[in-house]
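1. Here is the input, now give the coordinates:
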Amino acid sequence: MDITVAPFQPLPADSVWTVRIASSVRLSARAPLLRHKTSLRGTYETARAEFSRASCDEVILLNEHGEVSEGTITNLFVEAGD
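-> Purely as a prediction, here's the structure:
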């Protein structure tokens with residue numbers, strides 16, 4: 001097992017990310033590992049390789065139904081506002 005540690009450096013509050021949606025990869029809504037964070041990064045690396053680092057900060061993955069599933073380096077959430 002390898003453990004990597006780095007100081008947390010938050011982005012400025014006014015940061016805006018450029019986000020793209022992967023077209024080469026679709027996740028299975030039934031995949032049991034999607035419920036957990038794992039070190040199986042192949043799918044995420046394939047999706048990120050569609051775009052240069054300069055063209056986007058994050059790549060979003062969809063499932064086979066076209067629904068938003070997750071980010072390659074982020075967790076997604078919806079703020080309901082209530």
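2. Quick check: the residue most central in space within the chain vs Phe8, distance?
-> For the chain, the residue whose C-alpha lies nearest the mean C-alpha position (CA atoms, centre = their mean) is Gly71; its distance is 1.6 Å. Applying CB to CB, to the nearest Å, the value for Gly71 to Phe8 is 18 Å. To be clear about C-beta, it is placed using only N, CA and C from the backbone, and glycine gets the same treatment.
3. still on that earlier bit, phi, psi for the closest residue to the residue nearest to the centre of the chain other than its chain neighbours please.
-> Computed as CB to CB, 6 or more residues apart in numbering, the closest residue to Gly71 that is not its neighbour in sequence is Glu58, at 5.1 Å. Glu58 adopts backbone torsions of phi -150, psi 150, taken as degrees, to the nearest 10.
4. Might one say that Glu58 is in contact with Val16?
-> No. Taking CB atoms under 8 Å as the definition, Glu58 is not a contact partner of Val16, at 11.6 Å.
5. For whichever strand or helix holds Arg20, enumerate the helices and strands it packs against.
-> Taking DSSP states H and E as the criterion, the element that holds Arg20 is strand 19-27. With contacts defined as 3 or more CB pairs under 8 Å, 6 or more residues apart in numbering; DSSP states H and E, the packing partners of strand 19-27 are helix 42-48, strand 58-63, strand 68-71.
6. Adding distance to Ala31 and mean pLDDT, write those out as JSON lines.
-> As requested, these are exported to JSON lines (distance: least, CB to CB, whole Å; pLDDT from 0 to 100):
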{"stretch": "helix 42-48", "distance to Ala31": "10", "mean pLDDT": "93"}
{"stretch": "strand 58-63", "distance to Ala31": "9", "mean pLDDT": "96"}
{"stretch": "strand 68-71", "distance to Ala31": "9", "mean pLDDT": "92"}
